[in-house]
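# For reference, the sequence and a predicted model appear below.
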Amino acid sequence: MAKSSILGFPRIGAQRELKKATEGYWSGKVTAESLLETAKTIRAENWKTQKDAGVDIIPSNDFSFYDQVLDHSIMFNVIPARYTKFDLNDLDLLFAMGRGLQREGVDVTALEMVKWFDSNYHYVRPTFGKNVEFKLNSTKPVDEYLEAKAQGVETRPVIIGPVTYLYLGKADKDNLGTEPISYLPKLLPVYAELLKKLLEAGVTDIQMDEPCLVLDLPENVQAAFKDAYSALAQSGLNLHLTTYFGDIRPNLKAVTDLPIAGIHIDCVRVPEQIDEVAKALTDSQTLSVGVVDGRNIWKTDFSKAIKTLKTAEAIVGDRLVVATSSSLLHTPVTLESEKNLKEEIRDWFSFAVEKATEIVVIAKAFSGDSSSEIADALAANAKSIEARSTSSITKNPAVRERLAKVTDADKSRKSPFPERLVAQKKNLNLPLFPTTTIGSFPQTKEIRVQRNKFTKGQITAEEYEKFIEKEIDEVVKFQEEVGLDVLVHGEPERNDMVQYFGERLDGFVFTTNGWVQSYGSRYVRPPIIVGDVSRPAPMTVKESKYAQSITKKAMKGMLTGPITCLRWSFPRDDIPLKDQSYQLGAALRDEVNDLEAAGIYVIQVDEPAIREGLPLRAGAEREDYVKYAVESFRLATSGVQDSTQIHSHFCYSDLDPNHIKALDADVVSIEFSKKDDPKYIQEFAEYPNHIGLGLFDIHSPRVPPQSEFEARIAEILKVYPAEKFWVNPDCGLKTRQWEEVRQQLTNMVNAAKVFREKYSS
Ligand code: MET
Ligand SMILES: [Zn+2]
């Protein structure tokens, strides 16, 4: 009988209990004791759910108060000295490293936080200071193993493998030039100590997460696997090397013939890797085949999963484990609380709790269980999969027809940039060093209160609209006072930059409780794309048009781009991402054209997620992504006249200037205030169109003095031509306070004026 295995379970609690407890602790309303108790309850609940479902291999040490990578750093004493000097208790140390801490006598910033592979989860980057001294600081995996055992649940502890741990880290400021992987010999004895403790506690098997195997790895990192696992195998424990989110074939050599018990691969993402990986195993190693998607919310197609398993079985025989593709951390907890979804659609979904049952049914069915219970489950699954594939909700013939007719000309502006620029200058009449913002202005409590009232039906649509107009009035007046050149309406009507559009497009649905951890206590509730996407009616024209009607200055229309809408939602798995991206591009094209028709001649299409969508490895898949990401953007923005100016905006990550160039936007703004690598500035200096390099950090309440803005502009101007220079912040201002924004923007605008003067005389 093939065993069923789950690689990790969401830890936020079915009702976001962890968020409430953690944030309560931060604000002093919840005691440490009560926070620990909440955590314990969540863990117990998770183990029970999986055990009751009949899962054979249940994980432990998948819980974290903030981030599992951060826990690991603390456990092995990878704690930069700036955090240890305050003598903080365990919880406070953890949170100080994760999110910074400012209170009497203590002022430390957080460690860097980065995206976990290509997911929307963020981890706290291991940061190795000059004096790092590895030692076993805590026994969290042992404690949680024993905790489960006391509850009658035998678990398999999840531990981040040494190679991935080091490879994902970086050297601290005082230690630049050190490659973290060089710490391997010093780190391994501490792993050995931990494994020994686990063995003593009764553990037999460990899940060793080594997802870095799906990346393009340098030679020395590949070579590290042999050293690492030869040493760790001495522990006497069965080590299960676990990978996810991609293809390990290019690194297969590195893990062949290691003294490990087995390998896990993600066969939802890359089923094609089964053959090669299975053949590379020794006669005693198991193959754990991930067939239940840990990254999306669709019900697993049982018959397809079983077929995949059969392919593996043909090579490895009964040395096969049936698993989730990755940890279920990336899916919401349970469908149980979704009362508002249409029953027909709800039947297509499966969240973590439901996936636990799926994995068991698949393992049993695959192993030939012919009980009526399993037969019924298979039949119900087949029916649901069939219903979705034939449902009219998923298909819109008009959308498909339209996309089939898209030509290259539709993805290309009428004239090249230099000609457009002439037309735009005439149309917009902007000064040198034009100033603008990225879209949102402070989302005040008042805005949230009114939005809530409106959603709950406590105020009418007219009342809400009046309120939004009043907000727009204030934002416009404010920008005129400050002296900005291209104004925005401030986005007061938007709860979230993707959800707002999802709610206005056909093809999306929303959950009421489908929260997924993004980082720390920040959870997101991604919209779900269930069908072909189209735009039944204008989405933003009313607000933009109103805003333009009350000012003589240019008003910038503000949209979220196709890739960002796609990446920050749960996408469909029944048609390629590429098709969904083009559908979004086409829907947005209608909006862009309608904005132009309504007299909006500057239109910004934000694509902050464009970088994170980049496939993890270089090669054909990545090239294909770049192509459709670029083309979808161009499809959205190429319907306008030369004289209409298209802006785009990017933040969050290092961009490849070549990808940005291919979008052919007239003006792009990028997050830039924290970048000080002259090479990076240089790369963007070669960007042919106009560009606004973000001049202040919108995450900080700090107000840079005018002189600082001037110094920064002067520095950029050393390599950057004045006639291409836009002046703007890093990103939207929605998380800031009004008073901060007033001072920040005033200083920014005044600095721009200084240069305008200089360059026009
Ligand atoms: C994460 S990018 C945000 C862009 C959006 N227009 C805003 O200003 O909030
Ligand atoms: Zn941004």
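Nice, I can see it. Numbering: from 1, shown residues only. Ligands and ions are numbered 1, 2, ... in the order given.

# From ligand 1, how far off is the closest residue to residue 511 other than its chain neighbours?
Nearest residue to residue 511 in three dimensions, chain neighbours excluded: residue 338, at 5.5 Å (CB to CB, 6 or more residues apart in numbering). Heads up, the C-betas are built off the backbone N, CA and C, glycines and all. For residue 338, the distance to ligand 1 equals 27 Å [CB to the nearest ligand atom, to the nearest Å].

# Now for the residue of the chain found nearest ligand 1: which residues touch it?
For the chain, the residue closest to ligand 1 is residue 732, as judged by CB to the nearest ligand atom, at 2.0 Å. Contact partners of residue 732, counting by CB atoms under 8 Å, 6 or more residues apart in numbering, are 437, 438, 439, 440, 441, 491, 698.

# Give me the secondary structure label for the second one.
Read it as residue 438. The three-state label given to residue 438 by DSSP: H, G, I helix; E, B strand; the rest coil is coil.

# hang on, isn't it packed against residue 728?
Yes. With contact defined as CB atoms under 8 Å, residue 438 and residue 728 form a contacting pair (6.3 Å).

# Can you work out which residues contact both of the two?
Common neighbours of residue 438 and residue 728 (CB under 8 Å, 6+ apart) are residue 669.

# what packs against the helix or strand of the chain with the lowest mean pLDDT?
Lowest on mean pLDDT, DSSP states H and E among the helices and strands of the chain sits helix 678-685, with a mean of 78. Using 3 or more CB pairs under 8 Å, 6 or more residues apart in numbering; DSSP states H and E as the contact test, the elements touching helix 678-685 are strand 690-693.

# okay, the helix or strand just after the strand it packs on in PDB with CA atoms only?
Note on strand 690-693: by DSSP states H and E, the next helix or strand toward the C-terminus is helix 706-717. Extracted as PDB, the C-alpha positions of helix 706-717 are listed here (Å, rounded to 0.1, in the frame of the first residue of the first chain):
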ATOM      1  CA  GLN A 706      15.100  69.000   0.100                       C
ATOM      2  CA  SER A 707      18.900  68.900   0.000                       C
ATOM      3  CA  GLU A 708      18.900  65.100   0.100                       C
ATOM      4  CA  PHE A 709      16.600  65.000  -2.900                       C
ATOM      5  CA  GLU A 710      18.800  67.500  -4.700                       C
ATOM      6  CA  ALA A 711      21.900  65.400  -4.000                       C
ATOM      7  CA  ARG A 712      20.300  62.300  -5.200                       C
ATOM      8  CA  ILE A 713      19.000  63.900  -8.400                       C
ATOM      9  CA  ALA A 714      22.500  65.300  -9.000                       C
ATOM     10  CA  GLU A 715      24.000  61.900  -8.500                       C
ATOM     11  CA  ILE A 716      21.700  60.300 -11.000                       C
ATOM     12  CA  LEU A 717      22.200  63.100 -13.500                       C
END
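
# Check what contacts whatever helix or strand comes next after helix 706-717 and list those residues.
Where DSSP H and E defines the elements, the next helix or strand beyond helix 706-717 is strand 725-726. Residues from elsewhere that reach strand 725-726 (CB under 8 Å, 6+ apart): 432-436, 667, 669, 690-692, 713, 716-717, 755.

# Quick one: check stretch 552-571 for contact with ligand 1.
Yes. Counting by CB under 6 Å from any ligand atom, contacts between stretch 552-571 and ligand 1 involve residue 558.

# Sort out which residues of that stretch are buried, please.
By 16 or more other CB atoms under 10 Å, the buried positions in stretch 552-571 come out as 553-571.

# can you tell me which of the residues you listed are in strands?
Judged by DSSP state E, these include 554, 555, 556, 557, 558, 559, 560 as members of strands.

# closest to residue 355 among the residues you listed?
Top of the list for closeness to residue 355, among these and by CB to CB, is residue 560 at 29.4 Å.

# What average pLDDT does stretch 195-213 get?
For stretch 195-213, the mean pLDDT works out to 98.

# End to end on it, go ahead and measure it.
22 Å (CA to CA, to the nearest Å).

# Could I get the buried residue list for it?
195, 197-198, 203, 205-213.

# again, but for stretch 142-150
Buried residues in stretch 142-150, counting neighbours by 16+ other CB under 10 Å, are found at 142, 144, 145, 146, 147, 148, 149.

# Let's have those residues in TSV, adding distance to residue 343 and secondary structure.
Listed next are those as TSV, based on distance: CB to CB, whole Å; DSSP: H, G, I helix; E, B strand; the rest coil:
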residue	distance to residue 343	secondary structure
142	45	helix
144	38	helix
145	41	helix
146	43	helix
147	38	helix
148	36	helix
149	40	helix
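
# Same list as before, the contacts of strand 725-726 that is, but in a markdown table and with neighbour count and pLDDT included.
Formatted as a markdown table, the contacts of strand 725-726 follow (neighbours: other CB atoms under 10 Å; pLDDT from 0 to 100):
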| residue | neighbour count | pLDDT |
| --- | --- | --- |
| 432 | 14 | 97 |
| 433 | 25 | 98 |
| 434 | 21 | 98 |
| 435 | 27 | 98 |
| 436 | 24 | 98 |
| 667 | 23 | 97 |
| 669 | 28 | 95 |
| 690 | 21 | 96 |
| 691 | 23 | 93 |
| 692 | 25 | 94 |
| 713 | 21 | 96 |
| 716 | 19 | 91 |
| 717 | 16 | 93 |
| 755 | 19 | 97 |
